[in-house]
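Student: need a 3D model of the following:
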Amino acid sequence: MSPIRSCIACKSRKNKEDLFRIVANIDKEAIIDRKQNINSRGIYICKNKECIEKLKKAINKNKIKLKIDINNHSILEVLEELGEEIWEN
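Tutor: Next up, the predicted model:
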């Protein structure tokens, strides 16, 4: 059984594999942890457009406090990439 994690946008609890994981590299830039094995604190987000858009809005309005030290501009770029990936599938 897979570990359960919470989406940072909607707070729903899901299996880890059902969520995207985003971590910060050494330069505090956001990267997608596709294999979910980078040894770093990360955030999880549902694999749907609604949660991605909700998180983008919250970051733009400074309405969310992340538990990882990460550049907001880079996380917005990663969220944009994930949104495009969802539309393609």
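Student: quick one, helices of this protein?
Tutor: 49-60, 72-88 (DSSP state H).
Student: and those, which is most packed in?
Tutor: Stretch with highest mean neighbour count among the helices of the chain: helix 49-60 (a mean of 16; mean count of other CB atoms under 10 Å). (Glycine included, C-beta is placed from N, CA and C.)
Student: re the thing from before, would you single out the least confident of the helices of the chain?
Tutor: Ranked by mean pLDDT, those bottom out at helix 72-88, with a mean of 91.
Student: residues in contact with residue 58?
Tutor: Listed by CB atoms under 8 Å, 6 or more residues apart in numbering, the contact partners of residue 58 are 9, 64.
Student: ditto for the one 5 residues further on
Tutor: For residue 63, the contacting residues are residue 57, by CB under 8 Å, 6+ apart.
Student: residue 2 versus that one, what's the distance?
Tutor: Between residue 63 and residue 2 the computed distance is 30 Å (CB to CB, to the nearest Å).
Student: could the helices of the chain go into CSV alongside distance to residue 30?
Tutor: Shown next, in CSV, are these (distance: least, CB to CB, whole Å):
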stretch, distance to residue 30
helix 49-60, 10
helix 72-88, 4
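Student: cheers, nothing more for now.
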